[in-house]
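# Test case, fold it:
(one chain, ligands or ions: 2)
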Amino acid sequence: MSRRIAVYGAGSWGTAFSLVLADAGCEVTLWGRRQSVVDAINETRRNPDYVRGAAYLPEAVRATADPAEAARGAETVVLAVSAQHVRPLLEEWRESWGPRTVFLSLMKGVELATTKLMSEVIAETTGASPDRIAVLSGPNLAREVMLRKPAASVIACADESTAARIQAACHTSTFRCYTNTDVIGCELGGAVKNVIALAAGVSDGMCLGDNTKASLITRGLAEVTRLGVAMGADPLTFAGLAGMGDLVATCASALSRNYSFGRRIGSGMTLEETRALAEETAEGVASCKAVSTLGERHGVELPVTRAVTGMIHEGRDPQDVMDALMSRAAKAEV
Ligand SMILES: NC(=O)c1ccc[n+]([C@@H]2O[C@H](COP(=O)([O-])OP(=O)(O)OC[C@H]3O[C@@H](n4cnc5c(N)ncnc54)[C@H](O)[C@@H]3O)[C@@H](O)[C@H]2O)c1
Ligand SMILES: O=P(O)(O)OC[C@H](O)CO
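Ligands and ions are numbered 1, 2, ... in the order given. Down below sits the predicted model:
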């Protein structure tokens, strides 16, 4: 008998990940907020609002706008809405899930109001224990995954057997999943790479060149590793798919919303103009501020994250921010 899985969020990643689950043999119920998106998926097997022109969804994916219907019979709940909006949704939906439901977060963000990671928000709102909460993170641009181009990812859970069960539900010939027990490291890697991708985009928007971008990415990796270690993560996680892997994909791809957002800022657009053009979720825009706060709380310096926060939340000029980064005191690399 195939496994039934509920995916909440019919945006880019929820839709593409539903295709992966169906390819792996699962029956998927995909919850979408808007009835028009749900109808389009059921009638055309495509999601024109988010992943235009991509592959057709398999018949094993059925969409609904009713969260309770999505939950029916599902042993695993996959969460793919924007990080800043998930808490009230979980509070609204939690009654429809059973006491043994396993949660898998696909979200890459830190809650601005509380500086909580998504696994913490899930634990607080649902009461689930750590062995029932997993996260998936890695270099996974939705459009490429939807076209079944080969990709890899990490599933992290404190309980190895839970991670292995989820791995079995989404491992396919084009989507290769690894397991890990470092939930904090994988989540931080996914959230902070969005912030560094904003910086990489700004750099490209300013035509600063590849040396600048490589330096920002590498020093960004150093700062997320420092923060992760201070928060209890394994530093090796950041050398893996959820760290370096996702930085490479996101900081170099025009498909990345965070990179594109930063690029527009760097090329001289105002924040308001940039926001108006961003149709989908660029999580780093809110998360940079939350990550800055985490750095202050843990006594960890995060110069690139601070620079991005300065540009996005404090109206600082990109050129001034770059000059300030370069004029920091000279120091040892590690
Ligand atoms: N798109 C990707 O390539 C990709 C890959 C890996 C991880 N992610 C992560 O997955 C998460 C979802 O991203 P996405 O790309 O699917 O975003 P998206 O913008 O394509 O879709 C966002 C989803 O959240 C829902 N949503 C947004 N605001 C809401 C609100 N106020 N109330 C209720 N629902 C709301 C939308 O209806 C939609 O289903 C993000 O945390 C993102 O960082 C995205
Ligand atoms: O489009 P972005 O910037 O949200 O990035 C998408 C994925 O997280 C890449 O792994």
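
# going forward, measure contacts and count neighbours with C-alpha atoms only.
Noted.

# Let me know the helix or strand that Ala197 is in.
helix 183-205 (DSSP states H and E).

# swap in Glu273?
Per DSSP H and E: helix 271-277 holds Glu273.

# Packing partners of that helix?
Applying 3 or more Cα pairs under 8 Å, 6 or more residues apart in numbering; DSSP states H and E, one finds that helix 271-277 contacts helix 257-266.

# near ligand 2, which residues of the stretch 201-334 of the chain show up?
Counting by Cα under 6 Å from any ligand atom, the positions of the stretch 201-334 of the chain adjacent to ligand 2 are Asp246, Thr250, Ser256, Arg257, Asn258, Tyr259, Ala282.

# Can I get the buried part of those as one PyMOL selection?
Filtering these down to the buried ones (16 or more other Cα atoms under 10 Å) takes a single PyMOL command:
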select buried, resi 246+250+256+257+258+259+282
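
# give me every residue that touches whichever residue of the chain sits closest to ligand 2.
Residue nearest to ligand 2 within the chain: Ser256 (3.3 Å; Cα to the nearest ligand atom). Contacts for Ser256 (Cα atoms under 8 Å, 6 or more residues apart in numbering) come out as Leu141, Thr250.

# next one: the one 5 residues further on
Contact partners of Phe261, counting by Cα under 8 Å, 6+ apart, are Leu198, Gly201, Thr274, Arg275, Ala278, Ala282.

# Tell me the one among the residues you listed nearest to Arg72.
Among the contacts of Phe261, Ala282 lies closest to Arg72 (Cα to Cα), at 30.9 Å.

# so what's the closest one scoring on pLDDT?
pLDDT, Ala282: 95.

# ditto for Arg52
75.

# Roughly how far does it sit from Gly205?
26 Å (Cα to Cα, to the nearest Å).

# and what of Ser215?
Shown here: Ser215 relative to Gly205, a distance of 16 Å by Cα to Cα.

# which one of the two has more residues nearby?
More neighbours surround Gly205 than the other of Ser215 and Gly205, with 22 against 12 (other Cα atoms under 10 Å).

# check contacts around the more buried one.
Contacts of Gly205 by Cα under 8 Å, 6+ apart are Gly262, Arg263, Arg264, Ile265, Gly266, Ser267, Gly268.

# how much space between it and ligand 1?
21 Å (Cα to the nearest ligand atom, to the nearest Å).

# From Val154, how far off is that residue?
31 Å.

# about what we covered before: export the contacts of Gly205 to TSV and tack on pLDDT, distance to Phe175 and neighbour count?
Shown next, in TSV, are the contacts of Gly205 (pLDDT from 0 to 100; distance: Cα to Cα, whole Å; neighbours: other Cα atoms under 10 Å):
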residue	pLDDT	distance to Phe175	neighbour count
Gly262	97	28	33
Arg263	97	29	25
Arg264	96	31	22
Ile265	97	33	27
Gly266	97	34	25
Ser267	97	35	16
Gly268	96	38	15
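
# Any chance of those residues in TSV with distance to Val135 as columns?
Formatted as TSV, the contacts of Gly205 follow (distance: Cα to Cα, whole Å):
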residue	distance to Val135
Gly262	26
Arg263	28
Arg264	30
Ile265	30
Gly266	32
Ser267	34
Gly268	36
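
# Ligand 1: which of those is nearest?
For the contacts of Gly205, the nearest to ligand 1 is Gly262 (15.0 Å; Cα to the nearest ligand atom).

# can I assume the closest one is in contact with Ala199?
Yes: counting by Cα atoms under 8 Å, Ala199 is a contact partner of Gly262 at 6.2 Å.

# which SS state does the residue nearest the centre of the chain fall under?
For the chain, Lys108 is the residue whose C-alpha lies nearest the centre (Cα atoms, centre = their mean; 2.5 Å). Using DSSP: H, G, I helix; E, B strand; the rest coil, the three-state assignment for Lys108 comes out as coil.

# Find the nearest non-adjacent residue to it, please.
Ala191 (4.5 Å; Cα to Cα, 6 or more residues apart in numbering).

# related to what we said a few turns ago, and the two most separated of the residues of the stretch 201-334 of the chain next to ligand 2?
Farthest pair in those, by Cα to Cα: Asp246 and Ala282, 14.7 Å.

# Export stretch 165-175 to CSV, keeping only CA atoms.
As requested, the backbone C-alpha atoms of stretch 165-175 are provided in CSV (Å, rounded to 0.1, in the frame of the first residue of the first chain):
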residue,chain,number,x,y,z
ARG,A,165,11.3,6.7,6.9
ILE,A,166,11.0,10.2,5.2
GLN,A,167,14.0,9.4,3.1
ALA,A,168,12.2,6.3,1.8
ALA,A,169,9.2,8.4,0.9
CYS,A,170,11.0,10.9,-1.2
HIS,A,171,14.2,9.3,-2.6
THR,A,172,13.9,8.9,-6.4
SER,A,173,16.2,8.4,-9.3
THR,A,174,16.4,12.2,-9.7
PHE,A,175,16.1,13.4,-6.1
